[in-house]
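Trainee: need a 3D model of the sequence below.
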Amino acid sequence: MSQPTTGHAAKTKVLVVDDELSIRRALALNLGARGYDVVQADSGEAAMQAVAVEHPDVILLDLGLPGIDGIGVIQA
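Mentor: Numbers count the residues shown, from 1 in each chain. So this is what the prediction gives:
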């Protein structure tokens, strides 16, 4: 898998969606260390709002979220 470009090019923005803080933190830390711009959300509702505002390039989505689950986010 190729790494994001550096320099003047925009960073690849990744939205990490998980209700477990430890998982979100671990993913955000590792992705950020590799040069990705990371946005986090802790629920399906927050994920949908983040997509509308942040326009991520990639979404890492937990399917087992409380409330609106990951499948509901994909279908929305």
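Trainee: what about the helices in the chain?
Mentor: Secondary structure of the chain, counting by DSSP state H: helices at 21-33, 44-54, 70-75.
Trainee: so which of those is the most surrounded?
Mentor: A comparison of the helices of the chain by mean neighbour count, using mean count of other CB atoms under 10 Å, puts helix 44-54 on top with a mean of 16. For glycine as for every other residue, the C-beta is placed from the backbone atoms N, C-alpha and C.
Trainee: name the helices or strands packed onto that one?
Mentor: In terms of contacts (3 or more CB pairs under 8 Å, 6 or more residues apart in numbering; DSSP states H and E), helix 44-54 is packed against strand 13-17, strand 37-41, strand 58-61, helix 70-75.
Trainee: quick one: which of the helices of the chain is nearest residue 60?
Mentor: helix 21-33 (6.3 Å; CB to CB).
Trainee: re earlier: right, so the helices and strands packed on helix 44-54: which one is the most enclosed?
Mentor: For the helices and strands packed on helix 44-54, ranked by mean neighbour count under the definition mean count of other CB under 10 Å, the leader is strand 13-17 at a mean of 23.
Trainee: run the chain-centre distance for that strand.
Mentor: With CA atoms, centre = their mean, to the nearest Å as the basis, strand 13-17 stands 1 Å off its chain's centre.
Trainee: that one: partners in the sheet, and parallel or antiparallel?
Mentor: Applying DSSP bridges, strand 13-17 is found paired with strand 37-41 (parallel), strand 58-61 (parallel).
Trainee: tell me the angle that strand makes with helix 21-33.
Mentor: 170 degrees (axes from the mean of the first three to the mean of the last three CA atoms, to 10 degrees).
Trainee: got the CA positions of strand 13-17 in PDB?
Mentor: The C-alpha trace of strand 13-17 is given here as PDB (Å, rounded to 0.1, in the frame of the first residue of the first chain):
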ATOM      1  CA  LYS A  13      -7.700  12.300   5.300                       C
ATOM      2  CA  VAL A  14      -8.900   9.200   7.200                       C
ATOM      3  CA  LEU A  15     -12.000   9.100   9.400                       C
ATOM      4  CA  VAL A  16     -11.700   6.500  12.200                       C
ATOM      5  CA  VAL A  17     -15.100   5.500  13.600                       C
END
